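**Student:** sequence and predicted structure are below.
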Amino acid sequence: MKTIGRALAVAVCLSWTVSASAATPERVQITGEIIDTWCYFSGVMGGPDAVVGSAHHTCALWCAAGGIPVGVLADDGTVYMVLKLESEDHVAGGGTIMDLQSDRITADGLLYERDGLKYLVVEEVVSNEGITNPNHEDYGPVPPFAIPDPNKK
Amino acid sequence: MSGWPGRAALAALLAGLGGFGGGLWWLTAEAPDTPEMGLMAASAVETAAPPPLPESVAAALPFAGAIGGSFTLTDHFGDPRSEREPEGRPQLLFFGYATCDAICSVALPRMAETVELIEAAGREVAPIMVTVDPVNDTPEALRAAMPAHHPLMVGLTGSAAALAAAQAAFQVDSELLGETPDGAPIIAHGSFVYLLDADGRLLTLLPPILGPERMAEITLSYL
C-alpha cells in the first residue's frame, strides 16, 4: 500500500516552485502505475491509496476516455504527466492508453521538466505487468457508481 | 487477484449496459463524419512572421515547434479569428464544447478563475475555447454559452475542416462517443490548456488538473 510519504513526494513533484526548465529532454526509463491524474490529485474520489489500482480502474477508464491526462506514478511517488504514448499522434490522447490504464508498466521515453512538472513522452512500453494493485479488496470500486448497476432502470 | 473480475470481464459488463455510464463500445468505434458547417472563414489573416521566442522559452518546450500553429476560425460574434489575439494579449486556449459537462466543466471555470487571478496581478490574458463540436457550436450557441464561464471568454468555431486543422496543429484528439438522453453529443477530447503569446505561439502547457492559483502562477511567469 502506498503511504503518506508517497503523497508528500507527489506534492513536492507538483510543488508551487517553478523549477528551472530542462533545455533538453532526458532519456529515462520509468516504472510505475498508469494513473488517472484528476482523481489522484483532486482527492474528489478518495485518498491517494484508493484512487489507484483495481479499485479505481473503471473510473480511470472513464476519465482517460474523457480526456483527463494520465500519469505514471513511479515507485518513489513521483508522478510523470504523460504527454504522448508510443504511436499516438495526440497530446495525452488516443485509445492506446485505455489498454494500459491502471497497469504497472516500465516505459522508455523522454522526460521534460517544465513549470515544476515532469512530462513524459513514452516512446516504448518495454514491459507491462498488468494491474498489480488489487486494492478493490480493501476499497471496493472507487467510486462505487463507476460501475453502473446493470439492474438499475 | 481474488475477486478482481478482470479487464475483459469488466469491459463485457459495461459494454452490455449502454450509454455514457455504461458502454465501452466507443473505445474502438470510429467517429462519424462531421458535416461541413460552411461558416465564414477569415479571409485576411496577417502573414508577417512574429519575432522569435526567447531561447529560454522555446528551447525547453516539449515538442519544440511541433505544438501549435496558425488557424482560421470564427469567433462567437461571427468575426474571423486567427491564432493572433486582436488586442495583443497572451491567450489561454482550450479545446472543448459548449454542452460538455465533463472535463470542460472543470477546465473552463479554472481558466476563468485564472483570468481573474491574473487580472488581480495587473495583467491580462484572453481565455479562448475552440469547439470540438462544429455541428452544434455555432457562433450563436457559443455567444450564449461563453459568458457563463467568463465575460472575456471567446468561443471559436468554424468549418469541420478548419477545426480539424486547428486540432491537428495542437495535437488534440476528439471523438464523438454518443449522445445524452436529450440528444446532446458526448465528445471525448484532449484537455490540456495551452498558454500562447499574443502571436499565437505556444509558451507552455497547463494540465487541467492544476488549480487556478497554480495556472495563474505559471502563466504570470511567462508574461
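**Tutor:** Structure's in. What do you need?

**Student:** partner residues bridging A:Tyr112?
**Tutor:** Applying DSSP bridges to A:Tyr112 yields these beta-bridge partners: A:Tyr119.

**Student:** please read the previous query as pertaining to A:Val28.
**Tutor:** On the basis of DSSP bridges, A:Val28 is bridged to A:Gly109.

**Student:** now for it, how many residues are close by?
**Tutor:** Here the count is done by other CB atoms under 10 Å in any protein chain shown, and A:Val28 has 15 residues near it. Just so you know, the C-beta spots here come from the backbone N, C-alpha and C atoms, and that holds for glycine as well.

**Student:** what's the distance between it and chain B?
**Tutor:** Distance of A:Val28 to chain B, computed by CB to the nearest CB, to the nearest Å: 14 Å.

**Student:** let me know the pLDDT of residue 36.
**Tutor:** Because you didn't say which chain, this covers chain A. A:Asp36 is assigned a pLDDT of 91 by the prediction.

**Student:** actually it's chain B I care about, not the one you picked
**Tutor:** Reported pLDDT for B:Glu36: 27.

**Student:** ok, and does the helix or strand harbouring A:Tyr40 reach over to chain B?
**Tutor:** Secondary structure assignment for A:Tyr40, by DSSP states H and E: helix A:37-42. Yes - for helix A:37-42, a contact with chain B is found by CB under 8 Å from any CB of the partner chain, at A:37-38, A:41-42.

**Student:** list the contacts of A:Asp103.
**Tutor:** A:33-34, A:128-132 (CB atoms under 8 Å, 6 or more residues apart in numbering or on different chains).

**Student:** looking at those, which one is closest to chain B?
**Tutor:** Distance ranking of the contacts of A:Asp103 against chain B, using CB to the nearest CB, places A:Ile131 first at 7.2 Å.

**Student:** pretty sure the closest one sits in a strand.
**Tutor:** No - A:Ile131 is assigned coil when assessed by DSSP: H, G, I helix; E, B strand; the rest coil, not a strand.

**Student:** now it: phi and psi?
**Tutor:** Dihedral pair for A:Ile131: phi -80, psi 110, per degrees, to the nearest 10.

**Student:** check the contacts of A:Asp103 against chain B, which are close?
**Tutor:** Subset of those in contact with chain B: A:Ile131, counting by CB under 8 Å from any CB.

**Student:** hang on, the earlier thing: PyMOL command to pick out the buried ones of the residues of helix A:37-42 next to chain B?
**Tutor:** Selection of buried members from the residues of helix A:37-42 next to chain B for PyMOL, criterion 16 or more other CB atoms under 10 Å in any protein chain shown:
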select buried, chain A and resi 37+38+41
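
**Student:** mind naming the longest helix for chain B?
**Tutor:** Assignment by DSSP state H gives helix B:104-120 as the longest helix of chain B.

**Student:** what's that one packed up against?
**Tutor:** strand B:91-96, strand B:126-131, strand B:193-196, helix B:212-222 (3 or more CB pairs under 8 Å, 6 or more residues apart in numbering or on different chains; DSSP states H and E).

**Student:** buried set for it?
**Tutor:** For helix B:104-120, the neighbour count (16+ other CB under 10 Å) marks B:104, B:106-108, B:110-115, B:117-118 as buried.

**Student:** cool, and stretch B:148-165?
**Tutor:** For stretch B:148-165, using 16+ other CB under 10 Å, the buried residues are B:149-150, B:152-160, B:162-165.

**Student:** could you list which of those belong to helices?
**Tutor:** Going by DSSP H, the helices hold B:160, B:162-165 from the buried residues of stretch B:148-165.

**Student:** looking at the residues you listed, which is nearest chain A?
**Tutor:** B:Ala164 (12.5 Å).

**Student:** now do the closest residue to B:Leu108 other than its chain neighbours against B:Gly69, distance only.
**Tutor:** Spatial nearest neighbour of B:Leu108, chain neighbours left out: B:His149 (4.6 Å); criterion: CB to CB, 6 or more residues apart in numbering or on different chains. Distance, B:His149 to B:Gly69, by CB to CB, to the nearest Å: 25 Å.
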